[in-house]
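In: Just a sequence and a predicted model for now, questions to come.
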Amino acid sequence: MARKTFPFSVPNRTPLYLAPMAGISESPFRRLCHQHGADVVVTEFLSAEGIRRENQATISKLRFAAEERPIGVQIFGADPKAMADAAAMVTDLFAPDFVDINFGCPVKKVVRRNGGSGCLKDMDLVEDIIRSVSRATPLPVTVKTRSGWNEEMRDPVGIALRMQDAGARVFALHARTRTQMYSGSANWDEIAMVAQALDIPVLGNGDIKTPQDAKRMLDHTGADGIMIGRGSYGQPWIFRQARALFDGQPMPDTPPVAERFAVALEHARMVQAYEVDAVGAALEFRKHLGWYVKGLPNSADLRARLHQVRDFAEVERIFTEYLAFYDDYVARGVPSRDPDVSDLTCEAA
Ligand SMILES: Cc1cc2nc3c(=O)[nH]c(=O)nc-3n(C[C@H](O)[C@H](O)[C@H](O)COP(=O)(O)O)c2cc1C
């Protein structure tokens, strides 16, 4: 089958996307993932009403840097007019590379007002939203969705075809239903069926934890691009590793501990420079720290210390101390190599 083309310029034939994730895929992490091989990034979902009413918290999340391109701004809402207004504003004020519509969010607060995956109960409304957003912006409009509202209404191919007919230019599937939330596993067969059925590029998403998983999903589904969410936590280099596997090249090693900490500190510095509230930013960053040290010897203790940090200087101090411990640990001959993030068993030294 002829390869489908993306409606904006992508640096690789089979682009690797950083998934939109509220509280995670913010500007610093998006830039970091780009540096480590992500081809396309998407903002976290932003309320169309919030954008339209110029809610400052929402508007501030629309900021992005030139090096984040190609970037999509993701919007959600159940009112076609509000969605169209939001898309027009985003286009005029921020000019991202595409506008993405969230039809997948399972969170109650969003679904209750028929936003996110709530729309999947009313496919006429979904079509209306895509059509009015497409009319309101010259940018490509893309969609991200789940396989259906519940098992009974599970119909990824039917949903995908209707979204394509309404004007979606790229279709991303997190192959779970809304009622599944994050339980069970994503059904990669459904991604394969959709990739086969659509004329527009299809992105596969769900349960990629390692670069090998990304390659397996690509081979299994024939998707046109791959989207990684939680698998990027604490290991943004997963994109570069996956790219090497896609290209049939040897996979770059997972960075050794000192390098991993350097990436974490670089991430922290980017956050510090970006956020106005320094203490709030440090508290919010604790979750990333926990992910960066996952699987290291004595990581439970290290995590406990990092979970109490109130500023970034403290992080640097804790890392320096840990590296001294780690060098000693290695000198005693315990691990023969740096532990990999997938080696999650070694909790105590
Ligand atoms: C913390 C968190 C926040 C998320 N926020 C969004 C969001 O704002 N928009 C969206 O479309 N999906 C969101 N998702 C769903 C992810 O984009 C992705 O579809 C899902 O996590 C499955 O992919 P994964 O297994 O690679 O993580 C979120 C997921 C998580 C874990």
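Out: Looks like it arrived, so ask away. Owing to the predicted nature of the structure, the values given are computational and were not obtained by experimental measurement.

In: what about the strands in the stretch 1-150 of the chain?
Out: Counting by DSSP state E, counting those that start in this stretch, the stretch 1-150 of the chain has strands at residues 16-18, 40-42, 46-47, 71-76, 98-103, 141-148.

In: Quick check, the residue in the stretch 101-250 of the chain closest to the ligand?
Out: For the stretch 101-250 of the chain, the residue closest to the ligand is Gly229, as judged by C-beta to the nearest ligand atom, at 2.6 Å. Using the backbone N, CA and C atoms, a C-beta is placed for each residue, glycine as well.

In: That residue and Met21 touch, don't they?
Out: Yes: using C-beta atoms under 8 Å, Gly229 is in contact with Met21, at 5.6 Å.

In: give me every residue that touches Pro70.
Out: By C-beta atoms under 8 Å, 6 or more residues apart in numbering, the contact list for Pro70 reads Phe8, Ser9, Val10, Asp39, Val40, Val41, Asp97, Phe98.

In: could you give the mean pLDDT of stretch 152-159?
Out: The average pLDDT within stretch 152-159 is 95.

In: Go ahead and name everything in contact with it.
Out: Contacting residues not belonging to stretch 152-159 are listed as 120-121, 123, 126, 145, 147-148, 173, 175, 177, 190-191, 193-194, 197 [C-beta under 8 Å, 6+ apart].

In: between the contacts of Pro70, which is closest to Gly290?
Out: Gly290 has its nearest neighbour among those in Val41, at 22.3 Å by C-beta to C-beta.

In: So the nearest residue to the closest one once chain neighbours are set aside versus Arg63, what's the distance?
Out: With sequence-adjacent residues excluded and distances taken as C-beta to C-beta, 6 or more residues apart in numbering, Val41 is closest to Arg30, at 4.1 Å. From Arg30 over to Arg63 the distance is 11 Å, taken as C-beta to C-beta, to the nearest Å.

In: In terms of neighbours, single out the busier of these two.
Out: The residue with more neighbours, out of Arg30 and Arg63, is Arg30; 25 against 12, by other C-beta atoms under 10 Å.

In: Mark out where each domain of the protein begins and ends.
Out: According to automatic domain parsing, the chain comprises the domains 16-246, 257-331.

In: Bridged to Ala172, which residues?
Out: Lys144, Leu203 (DSSP bridges).

In: surely it meets Thr142?
Out: Yes: using C-beta under 8 Å, Ala172 is in contact with Thr142, at 7.1 Å.

In: what sits in contact with each of the two?
Out: With C-beta under 8 Å, 6+ apart as the test, Ala172 and Thr142 both reach Asp100.

In: Show me what the longest helix along the chain packs onto, helices and strands only.
Out: Criterion DSSP state H: the longest helix present in the chain is helix 312-331. The contact analysis (3 or more C-beta pairs under 8 Å, 6 or more residues apart in numbering; DSSP states H and E) places helix 312-331 against helix 257-274, helix 278-292, helix 299-306.

In: re earlier: mean pLDDT, mean neighbour count and distance to Ser132 for the strands of the stretch 1-150 of the chain - can I get that in a markdown table?
Out: Formatted as a markdown table, the strands of the stretch 1-150 of the chain follow (pLDDT from 0 to 100; neighbours: other C-beta atoms under 10 Å; distance: least, C-beta to C-beta, whole Å):
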| stretch | mean pLDDT | mean neighbour count | distance to Ser132 |
| --- | --- | --- | --- |
| strand 16-18 | 98 | 27 | 25 |
| strand 40-42 | 98 | 26 | 21 |
| strand 46-47 | 96 | 22 | 16 |
| strand 71-76 | 97 | 26 | 12 |
| strand 98-103 | 96 | 25 | 11 |
| strand 141-148 | 96 | 27 | 10 |
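
In: Rebuild those strands as TSV, extending it with distance to Gly225.
Out: Below are the strands of the stretch 1-150 of the chain laid out as TSV (distance: least, C-beta to C-beta, whole Å):
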stretch	distance to Gly225
strand 16-18	6
strand 40-42	8
strand 46-47	22
strand 71-76	12
strand 98-103	13
strand 141-148	11
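
In: Against Val42, how distant is the residue nearest to Val41?
Out: 8 Å.

In: Residues in contact with the lowest-mean-pLDDT helix or strand in the chain: which ones?
Out: Least confident helix or strand of the chain, by mean pLDDT, DSSP states H and E, is helix 108-111 with a mean of 73. Here helix 108-111 makes contact (C-beta under 8 Å, 6+ apart) with Phe45, Phe76, Cys105, Gly116, Ser117, Gly118, Arg178.

In: Tell me how many other residues crowd the nearest residue to the fifth one once chain neighbours are set aside.
Out: What that stands for is Ser117. Among residues not flanking Ser117 along the chain, Arg178 sits closest, at 3.9 Å (C-beta to C-beta, 6+ apart). The number of residues packed near Arg178 is 23, by other C-beta under 10 Å.
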